[in-house]
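Engineer: A structural model of the following input is requested.
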Amino acid sequence: MTQQSTLGSPALLTLAALMLGAALLLWLSNANQAVFLLWNHAGSALPDWLWTNLTLVADTLFAIAVLLIAASYRPLLLTQSLVLLILGAAFVHFFKNTLDVARPAAVLSHDSFTIIGAVLKGHSFPSGHSFTALACAGLLWLNSKHLGVGLLILISGLSAALSRAMVGAHWPLDILVGGAFGLLFACVSVWLVNHLYWLQAHGWKLFSALLLTLAAGYLAFHEDGYPFTDPLAIMASVMAVMTALIKIWIPFLRLLAQELANRHNG
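Structural biologist: Numbers count the residues shown, from 1 in each chain. Modelled structure (predicted):
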């Protein structure tokens, strides 16, 4: 049977609509630069390590590690995550490469705002980190059993998306649109897996688990270009791989060994 989501998609669709509405208002009022500087300057009141680690939370490999841990307890998340990663990568990279919008560092004087980490200048719209942060948060929301936990997850995702302005990497417009479509794609991914029953097959779950485990393991060696992030990256990577080993791979290998033994004895 299909695992039903506890917290529904209307809340995510409403939040996405609000974010897209704010993005439209920002664009029509030509206030993108002014709001970016306001956010960036306000963020400088908090330490750099906070914003860089929140940006790490929005990194695709970190999101994969989080999803792998959750999926170890809720297996349908495995295929949902794979569908989301494929669709999301196609969406984000198509618009980034097609539009090639300049980032703040290519438009504004570097003395006028705070830059943490690498100086990025191209492929600004939409924000891939913001898409990832809200897509991951949305997927976990749709598979969460408790409203409080779901709200905490969404707040974490929004904070991670906001960090992209604080490190000087993205305009507010990039963040709002990227995050909104992340929420929408989370809903689409859950709908597809719930309605295309062939995606619920154990083979797809196993294939997804393999890819997610390999990616989560790579997180420990990944250079994200930001300071202060290595401890969190290594911890998340180890936790994800160990959880997958205990909850997915060791039981699977035991079952496989038992099946082979039964065939041999038969």
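
Engineer: quick one: the helix-or-strand element of the chain with minimal mean pLDDT to chain centroid distance?
Structural biologist: With mean pLDDT, DSSP states H and E as the measure, the helix or strand of the chain carrying the lowest mean pLDDT is helix 250-265 (a mean of 90). The chain centre lies 35 Å from the centre of helix 250-265; the measure is Cα atoms, centre = their mean, to the nearest Å.

Engineer: Then stretch 135-147?
Structural biologist: Using Cα atoms, centre = their mean, the offset of stretch 135-147 from its chain centre is 12 Å.

Engineer: What residues sit buried inside that stretch?
Structural biologist: 135, 136, 137, 138, 139, 140, 141, 142, 143, 144 (16 or more other Cβ atoms under 10 Å). The way it works is simple: take the backbone N, C-alpha and C, and place the C-beta from them, glycine included.

Engineer: The fourth one: what's its closest spatial neighbour, skipping adjacent residues?
Structural biologist: Meaning residue 138. Leaving aside its chain neighbours, residue 138 sits nearest to residue 186 (3.1 Å; criterion: Cβ to Cβ, 6 or more residues apart in numbering).

Engineer: who does the helix or strand harbouring that neighbour touch, helix- and strand-wise?
Structural biologist: Taking DSSP states H and E as the definition, residue 186 sits inside helix 172-195. Here helix 172-195 touches helix 10-28, helix 32-43, helix 76-99, helix 128-142, helix 147-166, going by 3 or more Cβ pairs under 8 Å, 6 or more residues apart in numbering; DSSP states H and E.

Engineer: Which residues belonging to it are considered buried?
Structural biologist: In helix 172-195, counting by 16+ other Cβ under 10 Å, buried: 172-190, 193-194.

Engineer: got the buried residues of stretch 135-147 as TSV, with pLDDT and distance to residue 223 columns?
Structural biologist: Formatted as TSV, the buried residues of stretch 135-147 follow (pLDDT from 0 to 100; distance: Cβ to Cβ, whole Å):
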residue	pLDDT	distance to residue 223
135	98	23
136	98	21
137	98	25
138	98	27
139	97	26
140	97	26
141	97	30
142	96	32
143	95	31
144	93	32
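
Engineer: Contact partners for residue 150?
Structural biologist: Residue 150 sits next to 7, 140, 141, 144 when contact means Cβ atoms under 8 Å, 6 or more residues apart in numbering.

Engineer: What's the local residue count around the first one?
Structural biologist: This points to residue 7. 20 (other Cβ atoms under 10 Å).

Engineer: And it, how far from residue 131?
Structural biologist: Per Cβ to Cβ, to the nearest Å, residue 7 is found 20 Å from residue 131.

Engineer: Quick check on residue 74: phi, psi?
Structural biologist: phi -140, psi 80 (degrees, to the nearest 10).

Engineer: Surely it and residue 143 touch.
Structural biologist: Yes. Using Cβ atoms under 8 Å, residue 74 is in contact with residue 143, at 5.4 Å.

Engineer: so where's the chain shaky on pLDDT?
Structural biologist: 1-6, 266 (pLDDT under 70).

Engineer: out of the buried residues of stretch 135-147, which one sits closest to residue 215?
Structural biologist: The closest of the buried residues of stretch 135-147 to residue 215 turns out to be residue 136 (Cβ to Cβ; 12.9 Å).

Engineer: Stretch 67-81: end-to-end distance?
Structural biologist: 7 Å (Cα to Cα, to the nearest Å).

Engineer: can you list contacts of that stretch?
Structural biologist: Outside stretch 67-81, the residues touching it (Cβ under 8 Å, 6+ apart) are 2-3, 64, 136, 139-140, 143, 189-190, 193, 199-200, 204-205, 208-209, 212-213, 216, 239-240, 243-244, 246-248.

Engineer: Filter those residues down to the ones in helices?
Structural biologist: 64, 136, 139-140, 189-190, 193, 204-205, 208-209, 212-213, 216, 239-240, 243-244 (DSSP state H).

Engineer: hang on, the earlier thing: filter the contacts of stretch 67-81 down to the buried ones.
Structural biologist: By 16+ other Cβ under 10 Å, the contacts of stretch 67-81 give 64, 136, 139-140, 143, 189-190, 193, 199-200, 204-205, 208-209, 212-213, 216, 240, 243-244, 247-248 as buried.

Engineer: Appreciated, that's everything.
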